[in-house]
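Engineer: What follows is a protein structure lacking sequence information:
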């Protein structure tokens, strides 16, 4: 079980580093927000950019996890259409390891992407707690497992790029806005703050801001880890079961 998962993890990592275009494009959107929207918000709030980035950068990391990891299902659709995935699924390998190896790869790649975004924010003047940064990278990796599980589950269930894209586009914008990644939900009306609590991406954003500020004992941190671990388990399980249906 563990051996097969590690074999698929190494195999997927080699493929990713051999052609790193997708991971690089995965951080384009959060970096653009960081470079352009961050200073704009700081100017509007009358705050120095260094203070604003401490609140703004965690949201960009969550956006990286949302958009960078959920799109991995498109690669699985290509392998499904070419017959590669079906041949692997009927091999003697432990079947869940096919999905687990990929999701672990996504977590590793997302951690590297998060480090890049953090370095850019630090260069721009952000000051944050170093232990908080390290914990946040781990939290983003867990969040990425949840997002990639959704991506694989949608790909294996729908087997159609158009249907998958429509569902992702329908939910992506409200999920991003209600997460408070761009603007804190404290600025929103009361009804929106209540709805935001039911948005999974809201919790790592709130926890990330506490971590960056050095509030390592804030209650939002264990809540975020618990929510993301439960949801990641559910989505990865969904992906594994969808793969089993393909292999019969």
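Structural biologist: Everything's here; your move. What you see is a predicted model, and the numbers here were worked out from it, not measured in a lab.
Engineer: Let me see the mean pLDDT of stretch 221-230.
Structural biologist: What stretch 221-230 shows for mean pLDDT is 96.
Engineer: What of stretch 113-124?
Structural biologist: 89.
Engineer: immediately after the helix or strand of the chain at the bottom of the mean pLDDT ranking, which helix or strand?
Structural biologist: Least confident element among the helices and strands of the chain, by mean pLDDT, DSSP states H and E: helix 38-45 (a mean of 66). Note on helix 38-45: by DSSP states H and E, the next helix or strand toward the C-terminus is helix 49-70.
Engineer: so what secondary structure elements neighbour that following helix?
Structural biologist: For helix 49-70, the helices and strands in contact under the criterion 3 or more C-beta pairs under 8 Å, 6 or more residues apart in numbering; DSSP states H and E are helix 21-26, helix 28-32, helix 38-45, helix 96-123, helix 130-158, helix 161-178, helix 202-212. Every C-beta, even on glycine, is put in place using the N, C-alpha and C of the backbone.
Engineer: Deepest in the core, which of these is it.
Structural biologist: helix 202-212 (a mean of 26; mean count of other C-beta atoms under 10 Å).
Engineer: right, and the helix or strand after that helix?
Structural biologist: helix 220-247.
Engineer: elements contacting that next one?
Structural biologist: By 3+ C-beta pairs under 8 Å, 6+ apart, helix 220-247 packs against helix 84-89, helix 96-123, helix 130-158, helix 202-212.
Engineer: List the neighbours of the last one that are in contact with it.
Structural biologist: Residues outside helix 202-212 that contact it (C-beta atoms under 8 Å, 6 or more residues apart in numbering): 54-55, 57-59, 61-62, 65, 126, 128-129, 132-133, 135-136, 139-140, 143, 178-181, 184-185, 196, 216, 218, 220-221, 223-225, 227-228.
Engineer: For it, give the mean pLDDT please.
Structural biologist: The model assigns helix 202-212 a mean pLDDT of 94.
Engineer: one step back: kindly reformat the helices and strands packed on helix 49-70 as a markdown table containing distance to residue 12.
Structural biologist: What follows is the helices and strands packed on helix 49-70, written out as a markdown table (distance: least, C-beta to C-beta, whole Å):
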| stretch | distance to residue 12 |
| --- | --- |
| helix 21-26 | 12 |
| helix 28-32 | 22 |
| helix 38-45 | 33 |
| helix 96-123 | 4 |
| helix 130-158 | 11 |
| helix 161-178 | 20 |
| helix 202-212 | 24 |
